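Peer 1: can you look at this prediction? I've put the sequence above it.
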Amino acid sequence: MATVLAGGMMCANTAVWADDAASNGTDSTIVVTATKKAGGEDITTAPLAVTVFSGKALEGRQFQDMQSLSYSVPGVSLDSVGTFRGVANFSIRGLGINSSIPSIDAAVGTVVDGVYIAANAGLVLDQFDTGSVEVVRGPQGVLFGRNTTGGAVLINTADPTFDWEGHVRLSGEGPVDGGRGTLRGTGQLVVSGPIVSDTVAIRLGVYHDSDGGYFQNLYNGANFGKSETTVLRAGLKALVTDRLTITAKGEYLTMSGDGATTQGHGLFSRDSFDLSVDNPGYIHGKSRFATIRADWQVGPGTLTDIAGWRHYDHQTSNDIDSTPQPLFNSLTALDQEQWSNELRWSGKLGPLDLTTGGYLFHQTIAYEENRAGAFFPTTYYGGGTEDHHVYGLFGEGDLHLADALTLTAGLRWSYEKKSVGLTFVRPRPECSVVQGTCPVSGTNPFVPGEDNGLTDADHWSSFSPKFGLSYKLGEGALAYASWTRGQRSGGYNLRVTQPAAFEEIAAAQGTAAFGPERVDQYEVGLKLASKDKRATLNLAGYRSGVRGVQREINVASADSGLAQYIYNTGNARIWGGELEA
């Protein structure tokens, strides 16, 4: 099956003025770090579609979470999914996902301080003290690996400084629309400076947001949409020698609040803010995140090592039926932990600018779900666990064929393996998949009707190439063309509510996994900048070919309310154009 999609986007964007770029580079230079070149690259000469927001630009936009940037970059949506608070539903150039199943990998990769974040949960939460945000459009399979077929979002938190600085910010919002909602207050404190002569600096920050709820629940007249978020962050930067710099950062986040804000469209107009639910629900979550980065000047380049660790967990309750009747309530628990390490070298070898390195990644996921209400008097649904390993080698180089002409070529080899244990219907409510107290049985080949779960494993390897040419038409003018390939991971569905049908499909396929999704994109672009770089115009056109499109199919079910299946449904073509000024 093949589908054809066409689209375009135009955006007048003032993401970073020249005088805002000082934190990213020299007085009039906006620096892109997404190319992973040592010291970054001038945005006007980088042959790719990218938008950069400096810290000052983000402050001017009153930046608080990623959703606020959706209308500032062409072809980009950085929204959250409606099921749980904080779950990313990012899409770039028509490639994205719309799922709260934690084992579904993204099409738009999110990278925080150089570390790829594997779980979509916990990504669209409050941000503060951000040094810059970069949004790169198009597949980034060579430098960032799998699950960046639409593009990548790079969030760089502010580094410790060797001059003392700091700020305190307080803000408040009152009720809206004649009294609906209640007070929201936000505060943050940041301090940064040297602690040991001029070789060691620290940065400390604390943030708290308290929202009393924007909506009114007509079921009982109570405020709805309440949330509390607290973030503690610390950073340390050490100039070990004149060639070696080490930067370490840690963050602890806790959040709680009401469940999903949901409206029954059979009861209220889509244009209204009216809603009525008998179960306000809840979410309680924690995130722990740490990175350590070492930059060591070796020969004509820089050797960089970035290690990262993240542990995220939450518990939720949500009113899925969106009515004042107890028809369909969902209770979930998620525990995700990951660690990764990337070692790369970037530098100049004569006419060649080279970046090459290796990558290791591992994560574990445990997810469980209960469904309660009129449809589910005695059934306790399951979930599953997943172990995920990734290994990668990559290299990309710019060969300067002439003063104005540059050839870009890159290649990444990637191998990944996923192992799962699925518990279909839990035998008792106190059985916990997350705590490891639920039995998991069943093997491959699968036996339809054996609804006591299964174990399975699969693996995939791939090559992601890139070729491009760029030509400097004159001062402040660059034309480029490229072809690149990206891969989105295959995987497993951890939310199985129809065991017999799932096992029948798995038996027919010989595996319970769905396959990878591959994207080939052709792009041409033109970048124009004034001499002082205060005015820019960027044009881009692209065509994407998608093979093995992954789609989540939702089917109404009499005994589980909703059954969700994930298939490789076919192929697609997408083309579009972008204008950014």
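Peer 2: Received, thanks.
Peer 1: list the contacts of residue 307.
Peer 2: 291-293, 339-341 (C-beta atoms under 8 Å, 6 or more residues apart in numbering). Where C-beta positions appear, they are placed from N, C-alpha and C, glycine not excepted.
Peer 1: repeat that for 10 Å
Peer 2: 114-115, 248, 290-294, 339-343, 360 (C-beta atoms under 10 Å, 6 or more residues apart in numbering).
Peer 1: need the pLDDT of residue 237.
Peer 2: Note on residue 237: pLDDT of 97.
Peer 1: so it sits in a strand?
Peer 2: Yes: assessed with DSSP: H, G, I helix; E, B strand; the rest coil, residue 237 lies in a strand.
Peer 1: can you give me the neighbour number for it?
Peer 2: By the criterion of other C-beta atoms under 10 Å, residue 237 has 21 neighbours.
Peer 1: was I right to think it contacts residue 198?
Peer 2: No: Residue 237 lies out of contact with residue 198 (C-beta atoms under 10 Å); the separation is 11.2 Å.
Peer 1: of the contacts of residue 307, buried ones?
Peer 2: With burial judged by 16 or more other C-beta atoms under 10 Å, the buried subset of the contacts of residue 307 is 114-115, 248, 290-294, 339-342.
Peer 1: in strands, which of those residues fall?
Peer 2: Using DSSP state E, 115, 248, 290-294, 339-342 are the members of the buried ones among the contacts of residue 307 that sit in strands.
Peer 1: where along this structure do the helices fall?
Peer 2: Under the criterion DSSP state H, the chain contains helices at 55-60, 141-144, 499-509.
Peer 1: show me what the first one is packed against.
Peer 2: Same thing as helix 55-60. Packed against helix 55-60, as judged by 3 or more C-beta pairs under 10 Å, 6 or more residues apart in numbering; DSSP states H and E, are the following elements: strand 49-54, strand 130-137.
Peer 1: can you list the ones you listed in TSV and add mean neighbour count?
Peer 2: Shown next, in TSV, are these (neighbours: other C-beta atoms under 10 Å):
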stretch	mean neighbour count
strand 49-54	25
strand 130-137	23
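Peer 1: columns distance to residue 502 and mean pLDDT on top of those, output as TSV?
Peer 2: Supplementary listing: the helices and strands packed on helix 55-60 in TSV, determined by distance: least, C-beta to C-beta, whole Å; pLDDT from 0 to 100:
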stretch	distance to residue 502	mean pLDDT
strand 49-54	40	93
strand 130-137	36	95
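Peer 1: could these be laid out in JSON lines, adding distance to residue 490?
Peer 2: Below are the helices and strands packed on helix 55-60 laid out as JSON lines (distance: least, C-beta to C-beta, whole Å):
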{"stretch": "strand 49-54", "distance to residue 490": "27"}
{"stretch": "strand 130-137", "distance to residue 490": "24"}
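Peer 1: those strands: which one's closest to residue 144?
Peer 2: strand 130-137 (8.4 Å; C-beta to C-beta).
Peer 1: tell me the helices and strands packed up against the closest one.
Peer 2: With contacts taken as 3+ C-beta pairs under 10 Å, 6+ apart, strand 130-137 sits against strand 31-32, strand 49-54, helix 55-60, strand 76-80, strand 88-92, strand 108-112, strand 151-157.
Peer 1: quick check: end-to-end length of stretch 318-336?
Peer 2: Taking C-alpha to C-alpha, to the nearest Å, stretch 318-336 runs 20 Å from one end to the other.
Peer 1: quick revisit: shared neighbours, residue 237 and residue 198?
Peer 2: With C-beta under 10 Å, 6+ apart, residue 237 and residue 198 have common neighbours residue 162.
Peer 1: who's in contact with the residue nearest to residue 80 when sequence neighbours are not counted?
Peer 2: Residue nearest to residue 80 in three dimensions, not counting chain neighbours: residue 124, with 4.0 Å by C-beta to C-beta, 6 or more residues apart in numbering. Listed by C-beta under 10 Å, 6+ apart, the contact partners of residue 124 are 65-67, 78-81, 84-90, 110.
Peer 1: now, which of those residues sits nearest residue 269?
Peer 2: Residue 269 has its nearest neighbour among the contacts of residue 124 in residue 79, at 21.3 Å by C-beta to C-beta.
Peer 1: circling back: phi, psi for the residue nearest to residue 80 please.
Peer 2: phi -100, psi 60 (degrees, to the nearest 10).
Peer 1: so where's the protein shaky on pLDDT?
Peer 2: Applying pLDDT under 70 to the chain flags residues 1-28, 176-180, 375-380, 425-430, 439-452.
Peer 1: how about a cut-off of 80?
Peer 2: Scanning the chain with the threshold set as pLDDT under 80 gives 1-29, 82-84, 174-182, 373-382, 424-432, 435-453, 498-501, 503, 505, 557-561.
Peer 1: need the residue closest to the centroid of it.
Peer 2: residue 110 (3.4 Å; C-alpha atoms, centre = their mean).
Peer 1: roughly how far does that one sit from residue 245?
Peer 2: 25 Å (C-beta to C-beta, to the nearest Å).
Peer 1: equivalent analysis for residue 231, please.
Peer 2: Relative to residue 245, residue 231 is positioned 25 Å away (C-beta to C-beta).
Peer 1: more neighbours, these two?
Peer 2: Using other C-beta under 10 Å as the criterion, residue 231 and residue 245 rank with residue 231 on top: 21 against 18.
Peer 1: for the closest residue to the more buried one other than its chain neighbours, which residues count as its bridge partners?
Peer 2: Nearest in space to residue 231, with sequence neighbours left out and distances taken as C-beta to C-beta, 6+ apart, is residue 207 at 4.2 Å. Beta-bridge partners for residue 207, by DSSP bridges, are residue 188, residue 231.
Peer 1: against residue 313, how distant is residue 207?
Peer 2: Counting by C-beta to C-beta, the gap from residue 207 to residue 313 is 20 Å.
Peer 1: those two - which one has more neighbours?
Peer 2: In this comparison of residue 207 against residue 313, neighbours counted by other C-beta under 10 Å, the higher total goes to residue 207 at 21 against 18.
Peer 1: go ahead and confirm the more buried one touches residue 229.
Peer 2: Yes: counting by C-beta under 10 Å, residue 207 does reach residue 229; the two are 7.5 Å apart.
Peer 1: who touches both of these two?
Peer 2: Counting by C-beta under 10 Å, 6+ apart, the residues touching both residue 207 and residue 229 are 126, 128, 186, 253.
Peer 1: which of the residues you listed has the most neighbours?
Peer 2: Most neighbours among the shared contacts of residue 207 and residue 229, by other C-beta under 10 Å: residue 128, with 24 neighbours.
Peer 1: grab the nearest non-local neighbour of it.
Peer 2: Residue 128 sits nearest to residue 207 (C-beta to C-beta, 6+ apart), 4.4 Å away.
Peer 1: might you report the residue contacts of the one you found?
Peer 2: Residue 207 makes contact with 64, 126-129, 169, 186-190, 229-233, 253 under the criterion C-beta under 10 Å, 6+ apart.
Peer 1: show the buried residues in those.
Peer 2: If we count by 16+ other C-beta under 10 Å, the contacts of residue 207 have these buried: 64, 126-129, 186, 188-190, 229, 231, 233, 253.
Peer 1: right, and out of those, which lies closest to residue 94?
Peer 2: Nearest to residue 94 among the buried ones among the contacts of residue 207: residue 127, at 25.5 Å, using C-beta to C-beta.
Peer 1: quick one, which of the helices and strands packed on strand 130-137 is nearest to residue 418?
Peer 2: Residue 418 lies closest to strand 108-112 among the helices and strands packed on strand 130-137, at 17.4 Å (C-beta to C-beta).
Peer 1: now the closest one against strand 151-157, angle please.
Peer 2: Angle, strand 108-112 to strand 151-157, by axes from the mean of the first three to the mean of the last three C-alpha atoms, to 10 degrees: 20 degrees.
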